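In: structure for the following, please:
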Amino acid sequence: MVNRTRSLVAVAAFLIAAPVLAQMGMRPPDVRVMVWNPTVGQGSEYENKRPDGQTNTFAMSVVSKEDVDGKPGYWLETAMNTPEMGLIYAQILMTTDAVQMHTAKIVVQMPNMPPMIMPSGMAGMGRGNSAPRVDPESDYRKNAERVGTETITTPAGSFDCDHWRAKDGSGDAWISSKVVPFSLVKMTDKDGSIITLMKQITDAKSHLTGTPVPFDPTMFMGRGRRGQ
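Out: Numbers count the residues shown, from 1 in each chain. From the prediction side, this is the model:
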């Protein structure tokens, strides 16, 4: 039950705490590539190809908008299909300033379970179980160098992109203002992984069903793979 609980927390935060997922043995999309570009009702579906040749898909969509302390916040819904737990939806209420992204709330729904409101402390885990969260920067380009302009063709179509290369040598990204919510068309990582835009979503709606309840780890007791 402890391992499943930790995995759930990691999936809930995979956009803002990728190191946690790595510790869980999972490979989420690399979130260093981030040029926040939210539009309610739109999103993107990606393929993540790993160095070992295995692939998984994930989607990110903006499903609604909500004010947070006088600032505009956007509910970002992510979907991730995992062999351990099946299809999991997470909604993250995000705000931004000139420097960082900020997470106001996280709600997660696993198969055959109600949506769960994640405690802020658990959702904020960083590199260790008790480490404070380090919110990601709101603009990847601040730590990258512009290579030039290129046309990138993917299953979602052709896009005129700005090509950026991380200053730390960790990878390259091709971004376009026509892509929601993070402007990402393609990314290559130094380890050989590739993230590719597969589809643009134009009718994004919330997939959460039922009334959200506070997170309770005892809900996982006696449950097997894929929520059985």
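In: the protein: helices as residue ranges?
Out: Using DSSP state H, the helices found in the chain span residues 2-12, 18-23, 120-123.
In: list the buried residues in the lengthiest strand in the chain.
Out: Scanning the chain for the strand with the most residues, using DSSP state E, yields strand 55-68. By neighbour count on 16 or more other Cβ atoms under 10 Å, the buried set for strand 55-68 is 56, 58, 59, 60, 61, 62, 63, 64. Quick note: C-beta positions are derived from backbone N, CA and C, even for glycine.
In: if we ignore the residues flanking it in sequence, what's nearest the last one?
Out: Pointing back at residue 64 there. Once flanking residues are discounted, residue 64 sits nearest to residue 75: 4.5 Å by Cβ to Cβ, 6 or more residues apart in numbering.
In: partner residues bridging the one you found?
Out: Note on residue 75: beta-bridge partners by DSSP bridges are residue 64, residue 93.
In: that older thread, which one in the buried residues of strand 55-68 is the model shakiest on?
Out: Among the buried residues of strand 55-68, residue 56 carries the lowest pLDDT, at 80.
In: and the closest residue to that residue other than its chain neighbours, bridged to which residues?
Out: Counting by Cβ to Cβ, 6+ apart, residue 48 is the residue found nearest to residue 56 once chain neighbours are left out, at 5.4 Å. Here residue 48 sits in beta bridges with residue 56, residue 195, as judged by DSSP bridges.
In: do residue 187 as well
Out: Under the criterion used (DSSP bridges), residue 187 bridges to residue 173, residue 195.
In: now do the strands in this structure.
Out: Secondary structure of the chain by DSSP E: the strands cover 43-49, 55-68, 71-82, 86-96, 101-109, 116-117, 144-154, 157-166, 171-175, 184-189, 194-201, 213-214.
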